[in-house]
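>>> How does the following fold in three dimensions:
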Amino acid sequence: MERVVITGIGLITPNGVGTAESWRSLTAGEPGIGAITMFDASGYASRMAGEVKGFDPLHYIEKKKVKEMARFIQLSVGATKLALVDGGLELSDEERERTGCFIGVGLGGLEVIETMGRTLMEKGPSRISPYFIPAVIANLAAGQVSMAFGLKGPSYCNTSACSSSGHAIGEAFEWIRRGRVDAMVAGGAESTITGLGVGGFCAMRALSKRNDAPAKASRPFDRGRDGFVIGEGAGTLILESLTRAKKRGATIYAEIIGYGATSDAYHLTQPAPDGAGAQRAMRMALADGKVDPRDVDYVNAHGTSTSVGDIEESKAIEKVFGDHATSKKLWVSSTKSMMGHLLGGAGAVEAAISALALARGVVPPTINLEDQDPECRLDYVPNVARERTVRHALSNSFGFGGTNATLLLSRFSG
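Reported below is the predicted structural model:
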């Protein structure tokens, strides 16, 4: 079995365009959430989001190609270019055939669907763009990335709601460690800050209504939380076999050593009691990586800021880690408190953050944690980042339909 390492990271998030700015902002505890500017949200119950500011697709994509892509694809291509530059990954023609691309996406190009829906109703079917279907299909993030960078190995989209890009990275890890490919571009992207996207989640009563203070609206594990805040963005990781990474002298952020994937088989949107499915995903990842729970120092929680979800995830972590968690030797934080929930893109961005925590010895905080829910009994690194040598970290991603993905990352030690 091949060992699998992370050699490049590209982030485009509400906290910054680029990995360095996103990481700086997150470790500084800065909120990336504000009033929605991407459409007129004045009539909506929730009017805030984690929008990516200052992203210009022309910095990453040829002008003639931009029209082919909904915003989630543009963000993914941008994050991938950043990751490839960061990792210094250069491929021969032969190596391109053993390098693939898995990009997780939850919903796809909603803004283009809305625009083309209006075009159909107002102007008729003859005015629908020939780029409509390729622009909105979730798979076209992976497809456009593969075409842009000449990746000829396996290429497909993992779509499993908010676990999508957690699964994408887990599956890429599996392909490399089985020796079927040598490298993978793996990540996730989402951009659904549209009338339809926000309206749909409002109808489910899933979003925070703290519109008078958007920077404080996402507050995982806090007694005053009232729902999640929608966000957008993309994260791409370069995964390589350790053999290949060492051969080319690559900088290694972290090693992926375990992957767990389960289903609650319980409810459309609510987690199973005591986070039973999440427990099994975490235990599976730990067993896969042969790591004792007491040796895990950090969990990047799914932590969406929903009433039930935060409690059930906390209970699941308690069940898996026991007194290692309740004695607060294990640190847990939710970076969604700053970015909002990036939906299908969340798992990849949060796996990247976990890798950076391992490499740099800094754990990002959970901001807005002012009155901790007594049913959430762990150390959530409230409000201020902390320094620590992190040996092993878990990254949790859970989604509607009861789908769960957990990645186990380790500090690289040669």
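>>> can you pull out the helices in the stretch 151-300 of the chain?
All helices of the stretch 151-300 of the chain, identified by DSSP state H, counting those that start in this stretch, fall at 164-177, 195-203, 242-247, 276-289.
>>> Can you give the distance from the shortest one to the centre of its chain?
In this case it means helix 242-247. In terms of C-alpha atoms, centre = their mean, to the nearest Å, the centre of helix 242-247 is set 26 Å apart from its chain centre.
>>> ditto for the first one
Taking C-alpha atoms, centre = their mean, the mean C-alpha location of helix 164-177 is offset from the chain mean by 13 Å.
>>> Who are the packing partners of that helix?
The contact analysis (3 or more C-beta pairs under 8 Å, 6 or more residues apart in numbering; DSSP states H and E) places helix 164-177 against strand 4-13, strand 99-104, strand 183-190, strand 233-241, strand 254-263, helix 346-360, strand 392-399, strand 403-410. No exception for glycine: its C-beta is placed from N, CA and C like everyone else's.
>>> So which of the ones you listed is the most surrounded?
Highest mean neighbour count of those: strand 183-190, a mean of 34 (counted as mean count of other C-beta atoms under 10 Å).
>>> Run me through the strand neighbours of that one, direction for each.
Applying DSSP bridges, strand 183-190 is found paired with strand 99-104 (parallel), strand 233-241 (antiparallel).
>>> pLDDT averaged over it, what's the number?
On average, the pLDDT along strand 183-190 is 98.
>>> ok, now stretch 311-330?
Per-residue pLDDT over stretch 311-330 has a mean of 98.
>>> circling back: nearest to A385, out of the helices and strands packed on helix 164-177?
helix 346-360 (9.4 Å; C-beta to C-beta).
>>> ok, then the element right after that closest one?
Scanning forward in sequence from helix 346-360 by DSSP states H and E, the next helix or strand is strand 362-363.
>>> coming back round to it: any chance of the helices and strands packed on helix 164-177 in TSV, plus distance to G309?
TSV is the format used below for those (distance: least, C-beta to C-beta, whole Å):
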stretch	distance to G309
strand 4-13	21
strand 99-104	19
strand 183-190	18
strand 233-241	20
strand 254-263	16
helix 346-360	13
strand 392-399	7
strand 403-410	12
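>>> can I see the domain layout of the protein?
With domains defined by automatic domain parsing, the chain comprises 4-247, 258-410.
>>> next one: the first one to chain centre, how far?
Think domain 4-247. 8 Å.
>>> What is the linear distance spanned by it between its boundary residues?
14 Å (C-alpha to C-alpha, to the nearest Å).
>>> helix or strand for V320, which one?
Assigned by DSSP H and E, V320 falls within helix 307-321.
>>> Show me what that helix is packed against.
Helices and strands touching helix 307-321, by 3+ C-beta pairs under 8 Å, 6+ apart, are helix 276-289, helix 323-326, strand 392-399.
>>> what about these, which gets the closest to G124?
That would be, of the helices and strands packed on helix 307-321 and by C-beta to C-beta, strand 392-399, which comes in at 37.2 Å.
>>> Relative to that closest one, what are the paired strands and their orientations?
Paired strands of strand 392-399, with direction, are strand 298-300 (parallel), strand 403-410 (antiparallel) (DSSP bridges).
>>> Next, report how far the longest one is displaced from the centre of its chain.
To tie it back to what came earlier, the one meant is strand 403-410. Distance of strand 403-410 from the chain centroid (C-alpha atoms, centre = their mean) equals 11 Å.
>>> Single out the most deeply packed of the helices of the stretch 151-300 of the chain.
helix 164-177 (a mean of 28).
>>> just the angle between that helix and helix 276-289, please?
20 degrees (axes from the mean of the first three to the mean of the last three C-alpha atoms, to 10 degrees).
>>> average pLDDT for helix 164-177?
The average pLDDT within helix 164-177 is 98.
>>> same thing with stretch 101-113?
For stretch 101-113, mean pLDDT is 97.
>>> Tell me which of the helices and strands packed on helix 164-177 lies nearest to A45.
Closest to A45 of the helices and strands packed on helix 164-177 is strand 183-190 (C-beta to C-beta; 20.9 Å).
>>> For L82, which non-adjacent residue is spatially closest?
G10 (3.2 Å; C-beta to C-beta, 6 or more residues apart in numbering).
>>> which residue is nearest the centroid of the chain?
Central residue check for the chain by C-alpha atoms, centre = their mean: the C-alpha nearest the mean position is that of A346, 2.1 Å away.
>>> Doesn't Q74 lie inside a helix?
Yes. Q74 forms part of a helix when assessed by DSSP: H, G, I helix; E, B strand; the rest coil.
>>> Contact partners for the closest residue to it other than its chain neighbours?
Leaving aside its sequence neighbours, Q74 sits nearest to P57 (C-beta to C-beta, 6+ apart; 4.2 Å). Residues in contact with P57, defined by C-beta atoms under 8 Å, 6 or more residues apart in numbering, are 66, 69, 74, 77-78.
>>> Using PDB, write out every CA atom in the helix holding V320.
C-alpha atoms of helix 307-321 as PDB (Å, rounded to 0.1, in the frame of the first residue of the first chain):
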ATOM      1  CA  SER A 307     -29.200  23.300  17.100                       C
ATOM      2  CA  VAL A 308     -29.300  19.500  16.700                       C
ATOM      3  CA  GLY A 309     -26.300  19.000  14.600                       C
ATOM      4  CA  ASP A 310     -23.800  20.600  16.900                       C
ATOM      5  CA  ILE A 311     -25.100  18.600  19.900                       C
ATOM      6  CA  GLU A 312     -25.100  15.200  18.100                       C
ATOM      7  CA  GLU A 313     -21.600  15.800  16.700                       C
ATOM      8  CA  SER A 314     -20.300  16.700  20.100                       C
ATOM      9  CA  LYS A 315     -21.900  13.500  21.600                       C
ATOM     10  CA  ALA A 316     -20.300  11.500  18.800                       C
ATOM     11  CA  ILE A 317     -16.900  12.900  19.500                       C
ATOM     12  CA  GLU A 318     -17.400  12.100  23.200                       C
ATOM     13  CA  LYS A 319     -18.300   8.500  22.500                       C
ATOM     14  CA  VAL A 320     -15.300   8.000  20.200                       C
ATOM     15  CA  PHE A 321     -12.700   9.700  22.300                       C
END
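>>> Quick check: F398 touching A278?
Yes. Contact criterion C-beta atoms under 8 Å: F398 and A278 qualify, at 6.0 Å.
>>> Need the residues touching each of these two.
What both F398 and A278 touch, as defined by C-beta under 8 Å, 6+ apart, is the set 271, 302, 313, 404.
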